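okay, predicted coordinates and the sequence, questions at the end:
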Amino acid sequence: MTHDKQHFIDIINNFKGKEIVVIGDVMLDQFVKGSVSRLSPEAPVPVVNVEEEDFIAGGAGNVAVNLAVLGAKPIMVSVVGTDIKGSILKGYLESKGVDVSGIAKDENRPTTQKMRIIAERQQVVRVDRESKERICPPIAKECMKNFKKAVKKAKGVVMSDYGKGMLSDHNIQEIINICREKKIPVCVDPKIDNFLKYKRITCMTPNTKEAWEGMGLPPKKDNAAILDLGKKILKTLDAESILITRSAEGMSLFEKGAKPKITTIKATAKEVFDVTGAGDTVISVLTLALACGASLPDAAYIANKAAGIVVAKLGTATVSTQEIKEVL
């Protein structure tokens, strides 16, 4: 891996206008913020006086927003309900520069929503509305039709799996096969249920916990065990690479070969405020860099720099190309 700053800046300058398809579970994150001055007379719970309310895109939607902020042209392929939450979510994504023409509507399914009620800077409760059922065959068919249309001009694909039924045995392999035929990178942010189904991909980006659980193994702390684990995943999935994100230890990249090549990249964050959405940033930057022709180690290096910026911000944050260039 070269550490020539100009080389990395050239890759980042190529991000602009690259079409990337994001297929996966999109959700609406709602934040209700307020103050508490009394307990309810009905039950021993705080009464939150609402002062502020925000809606943002979560799950695969956050990956798409990350890509848009980086100057790419993300095309979202997913499903929402026919409810008001689905309209809010689509409107938010459009306002951020995401192409929502690939989002199907299912009248028998709610839009996935996570509402967090925050009082005095503390989360009091989270309310989830969701279905984890696999999407029904007619909607699945519509989504695959949308994907095939979107991928025609795309330079890369992100499969963002949050375990809400959008990605399943029925479409995972088809998506991967299409990407391999087109010779474009396909990167996966996995959930445990489908972990072993992502065969022959370009890269998977599990964190340490997901990597152990995905392989059904008890977690071990030492470095040697994690290096063995990475090699095991690489072989099991017959993947081109595996990038395990390791919090304070940075990242370990495993590349396919007669003898797997391992590159460990040190973490760059000086202070960590919030890791929410850091995985979304990693997969966005990694896929975009690969779509621009970067090598796997170079793409991982840039993604690591971006993650270091995002964990120093509060909330589900994004990072700009300018911010990445400044820390290179």
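Arrived safely.

which helix or strand contains the closest residue in space to Thr264 that isn't next to it in sequence?
Distances taken as Cβ to Cβ, 6 or more residues apart in numbering place Ser252 nearest to Thr264, at 5.0 Å, with adjacent residues excluded. (Glycine included, C-beta is placed from N, CA and C.) Using DSSP states H and E, Ser252 sits in strand 251-255.

distance from the chain centre to that strand, please.
18 Å (Cα atoms, centre = their mean, to the nearest Å).

just the element for the residue nearest to the spatial centre of the chain, please.
Geometric centre of the chain, nearest residue: Asp280, 3.2 Å, by Cα atoms, centre = their mean. Using DSSP H and E, Asp280 maps to helix 278-291.

on contacts alone, who are the packing partners of that helix?
When contacts are defined as 3 or more Cβ pairs under 8 Å, 6 or more residues apart in numbering; DSSP states H and E, helix 278-291 packs onto strand 19-24, helix 60-69, strand 156-160, strand 186-189, strand 241-245, helix 296-310.

please report the distance of the residue lying closest to Ala299 once chain neighbours are set aside from Pro137.
Distances taken as Cβ to Cβ, 6+ apart place Ala289 nearest to Ala299, at 3.6 Å, with adjacent residues excluded. Distance, Ala289 to Pro137, using Cβ to Cβ, to the nearest Å: 36 Å.

settle it for me: which of these two has more neighbours?
More crowded of Ala289 and Pro137, by other Cβ atoms under 10 Å: Ala289, with 28 against 9.

looking at that one now. What's its pLDDT?
pLDDT recorded at Ala289 is 97.

dump the residue contacts of it.
Ile11, Ile12, Phe15, Asp298, Ala299, Ile302, Ala303 (Cβ atoms under 8 Å, 6 or more residues apart in numbering).

what would these look like in TSV with distance to Trp212 and neighbour count?
Output for those, formatted as TSV (distance: Cβ to Cβ, whole Å; neighbours: other Cβ atoms under 10 Å):
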residue	distance to Trp212	neighbour count
Ile11	32	21
Ile12	33	23
Phe15	32	21
Asp298	27	19
Ala299	24	28
Ile302	26	26
Ala303	21	30
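
which SSE is Ile118 in?
strand 113-119.

quick one: low-confidence parts of the stretch 151-300 of the chain?
Low-confidence segments of the stretch 151-300 of the chain (pLDDT under 70): 269-277.

do that again at 80, thanks
Scanning the stretch 151-300 of the chain for pLDDT under 80 picks out 268-277.

wasn't Lys325 part of a helix?
Yes. Counting by DSSP: H, G, I helix; E, B strand; the rest coil, Lys325 is found in a helix.

just checking, it touches Ile11?
No. Between Lys325 and Ile11 there is no contact, the gap being 10.6 Å when judged by Cβ atoms under 8 Å.

any chance you could map the helices in the stretch 1-150 of the chain?
Taking DSSP state H, counting those that start in this stretch, the helices of the stretch 1-150 of the chain run over residues 5-13, 60-69, 84-95, 137-150.

what sits against Ala119?
Applying Cβ under 8 Å, 6+ apart, the residues near Ala119 are Lys33, Gly34, Ser35, Val36, Pro46, Val48.

excluding chain neighbours, what is closest to the first one?
When the adjacent residues along the chain are set aside, Lys33 lies closest to Glu52, with 4.3 Å between them (Cβ to Cβ, 6+ apart).

I figured the one you found was touching Ile117, is that so?
No. The pair Glu52 and Ile117 fails to qualify as a contact (Cβ under 8 Å) at a distance of 11.4 Å.

okay, those two: which has more neighbours?
Using other Cβ under 10 Å, the more surrounded residue of Glu52 and Ile117 is Ile117, with 18 against 9.

hang on, the earlier thing: which stretch among the helices of the stretch 1-150 of the chain comes nearest Ala248?
Nearest of the helices of the stretch 1-150 of the chain to Ala248, taken as Cβ to Cβ: helix 60-69 at 22.1 Å.

the closest one: which residues count as buried?
Ala60, Gly61, Asn62, Val63, Ala64, Val65, Asn66, Leu67, Ala68, Val69 (16 or more other Cβ atoms under 10 Å).
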